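> Predicted model follows, preceded by the sequence.
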Amino acid sequence: MSNVEQTLSIIKPDAVERNLIEEIKNIFIKNNLNIKNSKKIHITKDEAAEFYKVHQSKPFYNDLCGYLSSGPIVVMILEGKSAVAENRKLMGATNPKDAQENTIRKLYGISIDKNSVHGSDSLENAKKEINFFFKN
Ligand code: UDP
Ligand code: MG
């Protein structure tokens, strides 16, 4: 099948803390995004800072890195047709208030910072982000 891609998804600390791992994984599975690899980890603030380096000039950068390293997260490789765009569609807008009905962020997000999930925004970044967490 053409157009099969891989993308990186993260279930963020607010969702892990509320035991939403299975609910969120089921949304991916039901929408034909196969979970090729998954691990629960707890990263350091330095690792979060490296992961979110593209945002280093943003005013929310420090809080964002503190947040992603504040508790366990689940990092996953999702695979499927147009996986990068499909995952972004299932996630919904960055701010849960703006997210469409039935998106993950609308269903589970608490606020713009505690928005439950991360997803790569391009195929190029997906490759970098997968390599960041799953390099072998
Ligand atoms: N974020 C934040 N405040 C903002 C914008 C973003 O705390 O004003 C956080 C939010 O958790 C978001 C992450 O920074 O998911 C990365 O921002 P980006 O613009 O890349 O949003 P995303 O790609 O996650 O939708
Ligand atoms: Mg982003």
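Ah, there it is. Ligands and ions are numbered 1, 2, ... in the order given.
> hey, what's the residue positioned nearest the centre of the chain bridged with?
Taking C-alpha atoms, centre = their mean, the centroid of the chain lies closest to residue 118, which sits 2.2 Å from it. Counting by DSSP bridges, residue 118 is bridged to residue 10.
> Also residue 76?
residue 9, residue 38.
> Next, the buried residues of the top helix by length along the chain.
If you go by DSSP state H, the chain has its longest helix at helix 123-134. Judged by neighbour count (16 or more other C-beta atoms under 10 Å), helix 123-134 contains these buried residues: 126, 129, 130, 133. All C-beta atoms are positioned from the backbone trio N, CA, C, and that covers glycine.
> Output the contacting helices and strands for it.
Applying 3 or more C-beta pairs under 8 Å, 6 or more residues apart in numbering; DSSP states H and E, one finds that helix 123-134 makes contact with strand 4-11, strand 34-41, helix 45-51, strand 73-81, helix 83-91.
> do you know which of these lies nearest ligand 1?
Comparison of the helices and strands packed on helix 123-134 against ligand 1 by C-beta to the nearest ligand atom identifies helix 83-91 as nearest, at 6.9 Å.
> elements contacting the closest one?
Using 3+ C-beta pairs under 8 Å, 6+ apart: helix 83-91 touches strand 4-11, helix 21-30, helix 104-108, strand 117-119, helix 123-134.
> residues making contact with that helix?
4-7, 9, 27-28, 31-33, 78, 80, 99, 103-105, 117, 119-123, 126 (C-beta atoms under 8 Å, 6 or more residues apart in numbering).
> How about the residues of the protein by ligand 1?
Within the chain, the positions lying close to ligand 1 (C-beta under 6 Å from any ligand atom) are 55, 60, 64, 94, 112, 113, 115, 118, 121.
> Neighbour-wise, give me the winner out of the residues you listed.
residue 115 (23 neighbours; other C-beta atoms under 10 Å).
> picking up where we left off before, adding distance to residue 73, write the buried residues of helix 123-134 out as CSV.
Compiled in CSV, the buried residues of helix 123-134 are given as follows (distance: C-beta to C-beta, whole Å):
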residue, distance to residue 73
126, 17
129, 13
130, 15
133, 10
